[in-house]
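J.: Give me a 3D structure for the following:
(one chain, ligands or ions: 1)
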Amino acid sequence: MNDIRCLLRNKITPFLLIASSNGLILNDFSKLRKTETSSVFRRVLPSIVSVFGSDLKTKANTKITSSRLFASGREPPNPFISMLGDLQSSIFSRKSLQVNSGLDSSLEKAATSWNDIRSHLKSVQTPEERKFRDNLKKGYGGGSPFHKIRLYDESNKENDIRITFYRDHASWCPYCQKVWFALEEKRIPYRVEKVNMSCYGSKPREFLQIQPNGQIPVAIIDGRVYGSSNDILSTLESSFPNHKSLTPSDGNKARELLRLEQTLAGAWLGWLRSTNSGKEYMEDTLTKIERALKESGGPFFMGDDVTIVDVQFLSFLERICASLLYFKGFVIRVPSGETTSYPAINKWFDALVRTIFFSNSYTTNINKN
Ligand SMILES: N[C@@H](CCC(=O)N[C@@H](CS)C(=O)NCC(=O)O)C(=O)O
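T.: The predicted structure follows:
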């Protein structure tokens, strides 16, 4: 059990962190540096062997499968446990997983029952948390990667929905994140269709029929297909005039800031790919961003409310914070009250955390400061 806990704490977290943006990045990553992380992996590897390999091997001689070992059939399967089971079967051959027949019953005795877990959960949940599943089904509550339909509250009806939003299952895609954020901020009702990214295999034929290049995001708005994040964002502005506007009041200023966003992307990737250069250029660019945010009066790029400029910056600045910390040990986002060279950027993140998109615990590292 300790091994599994260790696995959860140390092994899974860095994976999720590297991989993900919305919904998956866990809290304690901000404390890891690259060197620490590799030592975590070194420490964790024996634990995996111990959990999935030698311990089971010596105690057992019956074949186990994740479904038999972890779900007795009387209780609903725990998806996380079956994930461990899948991991186990991909690492170790069937032969090395011969276990003894007494293992099932001893594990069952050792494990806390689902009923105990369920009643403990109920006793510690807030009323808002208790409503979570029901809200998800109805499309209500804070923003969540689990919504398949999004109505926000009773004031919207399923028949009001004019948009189908195609985004990736894992919520990794930064371009999808921009559209998703804008939909939420404008409180436009939408339906979600999840599509796998190419790294998980080929795309469904029905999706390729509407988006032949296979890229996400895609949105069908009033029956018409929009196949890039910028097209979708501008259509949301023009086709939903009764919703909150994200259009900046000063177009010239906005264009200047969007050029800075392009510079930022170049500086980031330049430093990330290089072993010894690019840091100064990155720092320079961050200083320009810091200055721009201060000049606007903040907390957002165009002043006191969020606009499309913030939408363009958010998914990359967020990934920049996580990846530079991980790969370069470079800190941008700090716990509140801590000294930083980037107070305006931190204030900007704090303001974003209060938006509906980031309003629950299933969002990203930006609200874990
Ligand atoms: N210009 C496009 C770029 C979108 C894009 O590059 N999407 C990536 C995901 S982040 C993609 O669909 N890649 C194919 C895949 O991985 O399935 C936009 O802004 O919408």
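J.: Poorly predicted segments of this structure, please.
T.: 1-104, 360-369 (pLDDT under 70).
J.: one more time with 80
T.: By pLDDT under 80, the low-scoring segments of the chain are 1-110, 359-369.
J.: can you give me the strands in it?
T.: Along the chain, counting by DSSP state E, strands occupy 62-63, 98-99, 149-150, 163-168, 190-195, 218-221, 224-226.
J.: Please tabulate those strands in a markdown table, including the columns mean neighbour count and distance to the ligand.
T.: C-betas here are computed from N, CA, C, even on glycine. Below are the strands of the chain laid out as a markdown table (neighbours: other Cβ atoms under 10 Å; distance: least, Cβ to the nearest ligand atom, whole Å):
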| stretch | mean neighbour count | distance to the ligand |
| --- | --- | --- |
| strand 62-63 | 13 | 36 |
| strand 98-99 | 16 | 39 |
| strand 149-150 | 20 | 20 |
| strand 163-168 | 21 | 7 |
| strand 190-195 | 19 | 8 |
| strand 218-221 | 22 | 8 |
| strand 224-226 | 14 | 9 |
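J.: Dump the ones you listed to TSV, plus distance to Val353.
T.: Shown next, in TSV, are those (distance: least, Cβ to Cβ, whole Å):
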stretch	distance to Val353
strand 62-63	48
strand 98-99	46
strand 149-150	20
strand 163-168	21
strand 190-195	22
strand 218-221	25
strand 224-226	29
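J.: Out of those, which gets nearest to Thr340?
T.: Thr340 lies closest to strand 163-168 among the strands of the chain, at 31.9 Å (Cβ to Cβ).
J.: Tell me what angle that closest one forms with strand 190-195.
T.: 30 degrees (axes from the mean of the first three to the mean of the last three Cα atoms, to 10 degrees).
J.: now for the strands of the chain, which one comes closest to Cys176?
T.: Of these, the one closest to Cys176 (Cβ to Cβ) turns out to be strand 163-168, at 3.8 Å.
J.: which residues sit against the closest one?
T.: Strand 163-168 is contacted by residues 173, 176, 179-180, 183, 188-197, 207, 210-211, 216-221 when judged by Cβ atoms under 8 Å, 6 or more residues apart in numbering.
J.: What strands flank it, and is each parallel or antiparallel?
T.: Strand 163-168 has the following strand partners under DSSP bridges: strand 190-195 (parallel), strand 218-221 (antiparallel).
J.: how about those in a markdown table, adding distance to Tyr342?
T.: As requested, the strands paired with strand 163-168 are exported to a markdown table (distance: least, Cβ to Cβ, whole Å):
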| stretch | distance to Tyr342 |
| --- | --- |
| strand 190-195 | 33 |
| strand 218-221 | 33 |
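J.: Many thanks, have a good one.
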